[in-house]
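Trainee: what follows is a predicted protein model with its sequence.
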Amino acid sequence: MKDPVLLPTSNVVIDSLSSLRPYFNKDVLLRVDLNVPFDKGEVSDTSRIKAILPTINLVLEKGGRPILLSHLGRPKTSFDESLSLRKILPNLIEIFKSKIIFCNFLDQQSIKAFLKNS
């Protein structure tokens, strides 16, 4: 089973098992809402993370590799460390009970190379 991949910040709606059939044993790009609230630097509500778990598990059960795209807040520049998804990595690992490979690249060429080597 492949490990999930998290990319820093597009469209298949997974509404049933049959809608996933063409994606069995493939990389599956999932645009997810991980814009979670923080309190004193800690994630204060993990419900958005937990909400995507059934979809991730379904992709994994079918031999696919879920690739997650999301964002935190509204960055004013191309990269703002304070809004990095790396801040929620411990929560993702705890909830998914899986290794997470974090991609910090923003350009298409670097992302493709990262995925090829992951």
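Mentor: Sure thing, it's come through.

Trainee: could I get the average pLDDT for stretch 102-114?
Mentor: The pLDDT scores in stretch 102-114 average 83.

Trainee: what residues of that stretch count as buried?
Mentor: Residues 103, 111, 114 are the ones in stretch 102-114 that count as buried (16 or more other CB atoms under 10 Å). From N, CA and C alone the C-beta is placed, and that goes for glycine too.

Trainee: out of the residues you listed, list just those in helices.
Mentor: 111, 114 (DSSP state H).

Trainee: dump the buried residues of stretch 102-114 into a markdown table; add distance to residue 27 as well.
Mentor: Shown next, in a markdown table, are the buried residues of stretch 102-114 (distance: CB to CB, whole Å):
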| residue | distance to residue 27 |
| --- | --- |
| 103 | 13 |
| 111 | 12 |
| 114 | 12 |
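
Trainee: return the set of buried residues in the helix or strand hosting residue 55.
Mentor: Under the criterion of DSSP states H and E, residue 55 resides in helix 47-61. Buried residues in helix 47-61, counting neighbours by 16+ other CB under 10 Å, are found at 48, 49, 52, 55, 56, 58, 59, 60.
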